[in-house]
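In: with the input below, show me the fold.
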Amino acid sequence: MTMTLSRTKKSKTLKPRTKTTLKVSKPNNRVQQHDIHIELTNIRKSDKPELIEITSKPHIMKFIGPGKTWTPSDVDKYIDYTIQDARIPTPKRTWFSYAIRDSDTGKLIGVIEFKCISIYKLLPASIRKKYPNDVALTIYINDTYQGKGIARMAIEQLKQKISNLKPRAKLLISIVKSTNPVMQQAMTKLGFSNIGPIPNHGPNGLLMYTTNIKSTPNKK
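Out: The predicted model follows:
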């Protein structure tokens with residue numbers, strides 16, 4: 001009697017296929033990290049596109065002046081005014097505005113200004129009398145270039161210009177809205193001291209920060 005043994009084939013267990021998910025990184029609009037060198041120069045008519053880009057951003061302009069964005073017409077007026085103002089003899093000038101430029105590309109990446117406190121109408125007369133020779137700072141930088149130390153470099157270069165143009169000025173003053181904690185922290189990091197609220201501007205008004213224009217030597 002012959003017995004035939006039949007081999008039973010083992011069924012293969014199929015592993016479920018797993019989907020491979022490709023992670024697509026979101027585009028980063030910030031300028032890639034690299035050493036940026038800046039210079040302060042006069043503003044030119046050719047700077048209009050970059051100025052429109054910066055001043056049309058509400059999150060940048062809400063803490064500058066009246067807190068409103070600029071129209072292209074506003075930018076035209078600003079450029080014309082700065083060009084005309086640059087022609088005034090230095091002793092008579094009370095307002096100085098400069099482009100913050102990437103030295104490698106020449107592109108305007110921000111604006112920095114200083115104004116004589118004596119004609120700063122936003123401040124009460126008591127402040128203007130107390131700091132008659134000192135100057136007030138305004139600075140705004142395109143957000144794609146923020147966080148790279150540009151503000152610090154620009155302020156240091158501005159101090160050198162102030163020393164040459166207004167040698168009697170001792171303090172650089174920054175007027176910061178009390179509703180802007182980010183700028184308050186930035187001023188502290190940049191070496192400014194908070195000397196308190198400005199009178200007659202209410203509890204949610206303006207704060208005054210100051211720093212020496214000329215570095216004070218350490219006392220031994």
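
In: what about stretch 159-166, average pLDDT?
Out: Taken as a whole, stretch 159-166 has an average pLDDT of 97.

In: I should have written stretch 40-47 there, sorry.
Out: Mean predicted lDDT for stretch 40-47 stands at 98.

In: so how far is that stretch from its chain's centroid?
Out: 17 Å (Cα atoms, centre = their mean, to the nearest Å).

In: dump the residue contacts of the residue lying closest to residue 186 once chain neighbours are set aside.
Out: Using Cβ to Cβ, 6 or more residues apart in numbering and skipping residues adjacent in sequence, the residue nearest residue 186 is residue 151, 6.9 Å away. C-beta: built from backbone N, CA, C; applies to glycine. Going by Cβ atoms under 8 Å, 6 or more residues apart in numbering, residue 151 touches 139, 141, 186, 190.

In: again, but for residue 82
Out: Neighbour list for residue 82: 42, 43, 97 [criterion: Cβ under 8 Å, 6+ apart].

In: neighbours around the first one, how many?
Out: Put plainly, it is residue 42. As a burial measure, residue 42 scores 13 neighbours (other Cβ atoms under 10 Å).

In: now do the second one
Out: Applying other Cβ under 10 Å, we find 22 other residues in the vicinity of residue 43.

In: ditto for residue 135
Out: With other Cβ under 10 Å as criterion, residue 135 counts 26.

In: and if you look at residue 154?
Out: 23.

In: could you do residue 115 as well?
Out: Quick note: residue 115 (other Cβ under 10 Å) scores 18 neighbours.

In: in strands only, show me the contacts of residue 82.
Out: Of the positions in the contacts of residue 82, residue 97 sit in strands, assigned by DSSP state E.

In: buried residues in the longest helix along the chain?
Out: Identified as the longest helix of the chain according to DSSP state H is helix 150-165. Buried residues in helix 150-165, defined by neighbour count with 16 or more other Cβ atoms under 10 Å: 150, 151, 153, 154, 155, 157, 158, 159, 162.

In: need the max-distance pair from those.
Out: Based on Cβ to Cβ, the longest span within the buried residues of helix 150-165 runs between 150 and 162 and measures 18.3 Å.

In: can you give me the strands in the protein?
Out: Using DSSP E, strands in the chain cover 38-41, 95-102, 108-116, 135-141, 171-177, 193-197, 206-212.

In: OK, contacts around residue 126?
Out: Residue 126 touches residue 199, counting by Cβ under 8 Å, 6+ apart.

In: what's the neighbour count on residue 200?
Out: Counted with other Cβ under 10 Å, residues neighbouring residue 200 total 12.

In: hang on, isn't it packed against residue 122?
Out: No: the pair residue 200 and residue 122 does not pass the contact test of Cβ atoms under 8 Å, sitting 10.8 Å apart.

In: related to what we said a few turns ago, return the member of the contacts of residue 82 nearest to residue 129.
Out: residue 97 (25.1 Å).

In: mind putting the contacts of residue 82 into CSV with distance to residue 214?
Out: Listed next are the contacts of residue 82 as CSV, based on distance: Cβ to Cβ, whole Å:
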residue, distance to residue 214
42, 24
43, 26
97, 22
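
In: how far away is residue 166 from residue 126?
Out: Note on residue 166: its distance to residue 126, by Cβ to Cβ, to the nearest Å, is 21 Å.

In: same check on residue 178?
Out: Separation of residue 178 from residue 126 (Cβ to Cβ): 19 Å.

In: leaving out chain neighbours, which residue sits closest to residue 68?
Out: Spatial nearest neighbour of residue 68, chain neighbours left out: residue 61 (6.4 Å); criterion: Cβ to Cβ, 6+ apart.

In: thank you kindly, that will do.
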